[in-house]
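[1] I need the structure of the sequence given here:
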Amino acid sequence: MQNSLEESTVEYLDRSGALQKLIQDCRTRAEIESRQDKPSAVFRFVMTVDPVDLVNFDSTLGNLVLHYPLDAGRIFQDVVYLSIKALDLIPQVESRNQILVHLSIPTLPSLPSYSLSLRDLSCQAVEQRYFQFEGIVSSMTNVIQYTQSARYQCPESGCVGSEPYTYIRLHTAGASESRTIRPDFECHYCGNILEEDVSCRVLADKRVVKMMDPAAVPGLSWSPGAEGRRHQAVTVFLREELVQGIEMGAHYTVVGIPTIDRCRGNITMSIEANSIFKHVVQPSPSVALPDSVARLHQDRLGSPYSFAASLAFAFASSVSPPGTYHKLKLSMLLSLVSTHPNDKTKEAKDGGGLHVMAVGSDTLLLSRLLTYCTAMSSRCVHHTVDKHLFAKVTKDTHGTGTCSIDAGSLLLSHGGCCFLGDLGQMKKDVQSSLQGVMEKDAVTVQIPKKYGDSGVLQSLELPISCSVWAYTDPNTCKKPAAIAAVDLYLQQELGNVSKTLADCFSLVCYMDGTSETGDIYAESLLVEDILNSAMLEEEDVENVGELLSTEDIKQFLQVACWLQPQLTPTAEYLIQGYFVSSRRLRSNNIQSCPFPPTALRTLTAVACAHAKLSLRTYVAEEDALMSIYLFEESVTSRYGYSILGIQPTPHFRHGNIVQYLGKENDTQMEHFHLQLLRLISSHAQDLTIRQPEE
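    Alright, predicted model coming up:
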């Protein structure tokens, strides 16, 4: 049986090309060994084995790899050793104990018996074989060292155990450090205590991470179906090449072996990872545009702006009546489509996610509206005071002697959105730290000296990849009246939020407009909507239909998020021209106001998001115009001065709906386009339209 399995292994390795790769690796290692003064004691080889292909080739060998990984490892170890000796590839190899073979399993058969749910993981019913599961990294340690192999000798010179390579301890999957290094190993021949040759000890990298079930993510926000559930993070050990590139909060697929460690009456469960890959979401062919959205899109084909505006008009109509908070709803839709299921926003030239801050006195409605938006995101973390916002450093409980970094709300929102709530209620030091994080798009973690190898303070940069949402009340400003009066740059208050922190947000939406008539009209609509809902019976409230249902909006966002529109030269020219003109004009004018240097990235991101929202595969001129219009409106609302004569309108009346959704809006945008071109020709005449490369 053993010989048959070894023959099948050799034939499979030859058939898959792994044998030829092994020969090349051995020749490389032999060349390295020839230049060293002292030969290596252990030679490690990594072999990638596809279980499905192996089962189709030899079901017995495939079953051995899948269900008895330690036995399969010994078979491959024997085959590699015999191949090296038969072909005389590495003269320094004298014993099979010197061969360490790692079988890399990229994936498992798509059968329920090979899938493992972290929620149902129990210490009583688990086999020590390969399983595949998905998890989100919620905590991880620094990269530390573990003993990969160690050589022992018997002190009795006449004993067989005194031969150089008789006793070599190799790390096996799921084994603790004491299985490799221990002072009480005995010689099998004479019973003496073995002595370690420390010069032959081989160390390798290890990282301990904790992963939580993806089903636990809805519990991090206000999801109605998340109450009453408890999720426990599972410890995963990563070794050698697997330790690199792990991102906090990212979603991974892991193939590993569950192990149980019983120590002093405590039973702990962990998983020894064999391979780990970032989870890739594939677009579902069954997900298409809902009929209601498809009809709306078909009806609005004649206008490049009306479809996105109509979506914002119908969005969240159960929270606030259509027409109210229109620009905030449009901004939230743009932020929702700016995220990508596979987090490719930073690789593309779309500027990344959009951070939105709403400024208004009705914080209850703002909170309800933003909470409603969290249900539309594929992943959203609602930050509360009992959670860590950035990261927390604690002592690792697995005896590694290093620290464990626990992810905060920003890191757990990887690839999604993080709802911070009322920014004005945060402490000043937290706001200052948040500003630094949003400027760098990374959380800086300070590692205490006691956890560092060099005994000095270390810092670690953890990138964040999420859109940040927040709101604030402008009437909670604690500045003295005298100071506020001489503040010429701040035309509208931001409450307890600093101006520099507000600059970090892509779009700052002011809901208390400069027109008192518009605010009174919006409030009357809200009051009427609340009174109508209060007079309805409970079953009637549930039957009140929205213009577009929540499910239709979710399904539409799933389609729109997959679009990757390309920036056209004309759109790029408008964005760059507006940016350069605004920087030059606003900095030299008597009525100057700060213009953030990050505006170019924001304008590009908004234009790409508007193209997605309009279901376009390219960023048209109209997308760039709407991006500039929204940004100029945000700047005008904040500083009270517009270089393009824009009047902020956070709400609009139903009677004037054609002015915002129809031909009148198109005419207004054409006029705005001409104004913008005149501005660029006057203050950025050195810019030209980039011609696409052939």
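
[2] Surely residue 367 is in a helix?
    Yes - the secondary structure assignment for residue 367 places it in a helix, going by DSSP: H, G, I helix; E, B strand; the rest coil.

[3] Pull the contacting residues for it.
    By CB atoms under 8 Å, 6 or more residues apart in numbering, the contact set of residue 367 is 421, 422, 471. C-beta coordinates here come from the backbone N, C-alpha and C atoms, glycine included.

[4] could you measure residue 392 against residue 138, distance?
    Plainly put, residue 392 is 11 Å away from residue 138 if you go by CB to CB, to the nearest Å.

[5] list residues touching both of these two?
    Common neighbours of residue 392 and residue 138 (criterion: CB under 8 Å, 6+ apart): residue 406.

[6] Comparing those two, which residue is more hemmed in?
    Under the criterion of other CB atoms under 10 Å, the comparison of residue 392 against residue 138 puts residue 138 first, with 20 against 15.

[7] For that one, report the pLDDT, please.
    Listed pLDDT for residue 138 reads 90.

[8] before we move on, the earlier item: so which of the contacts of residue 367 wins on neighbours?
    Looking at the contacts of residue 367 with neighbours defined as other CB under 10 Å, the largest count falls to residue 471 at 27 neighbours.

[9] Over to that residue. Which of the three states is it?
    Classification of residue 471 by three-state DSSP places it in strand.

[10] all strands of the stretch 551-694 of the chain, in order?
    Defined through DSSP state E, counting those that start in this stretch, the strands belonging to the stretch 551-694 of the chain, from first to last, are 566-567, 618-619.

[11] strands paired with the first one, and their directions?
    Read it as strand 566-567. Based on DSSP bridges, the pairing partners of strand 566-567 within the sheet are strand 618-619 (parallel).

[12] didn't residue 257 look like it was pressed against residue 131?
    Yes - with contact taken as CB atoms under 8 Å, residue 257 and residue 131 are classed as touching, separated by 7.4 Å.

[13] any shared contact partners between the two?
    By the contact definition CB under 8 Å, 6+ apart, residue 257 and residue 131 are jointly contacted by residue 271.

[14] Helices along the stretch 551-694 of the chain, start to end?
    With DSSP state H, counting those that start in this stretch applied, the stretch 551-694 of the chain shows helices at 569-588, 599-613, 621-639, 657-661, 663-683, listed in chain order.

[15] scratch that, the stretch 1-150 of the chain
    Using DSSP H, counting those that start in this stretch, the helices of the stretch 1-150 of the chain run over 2-16, 18-34, 51-57, 59-67, 69-87.

[16] circling back to that earlier point, worst average pLDDT in the helices of the stretch 551-694 of the chain?
    Out of the helices of the stretch 551-694 of the chain, the stretch the model trusts least by mean pLDDT is helix 657-661, with a mean of 68.

[17] okay, which residue is most central for the chain?
    The geometric centre of the chain, computed from its C-alpha atoms, lies nearest to residue 414 (CA atoms, centre = their mean), at 2.7 Å.

[18] and the residue nearest to it when sequence neighbours are not counted, how many neighbours?
    Of all residues not flanking residue 414 in the chain, residue 249 sits nearest, at 3.3 Å (CB to CB, 6 or more residues apart in numbering). For residue 249, the tally of surrounding residues (other CB under 10 Å) stands at 26.

[19] show me where pLDDT drops low in the stretch 251-400 of the chain?
    For the stretch 251-400 of the chain, the stretches with pLDDT under 70 are 262-267, 283-286, 340-352, 399.

[20] quick one: the helices in it?
    Listed in chain order (using DSSP H, counting those that start in this stretch), the helices of the stretch 251-400 of the chain are 291-299, 306-314, 326-338, 363-374.
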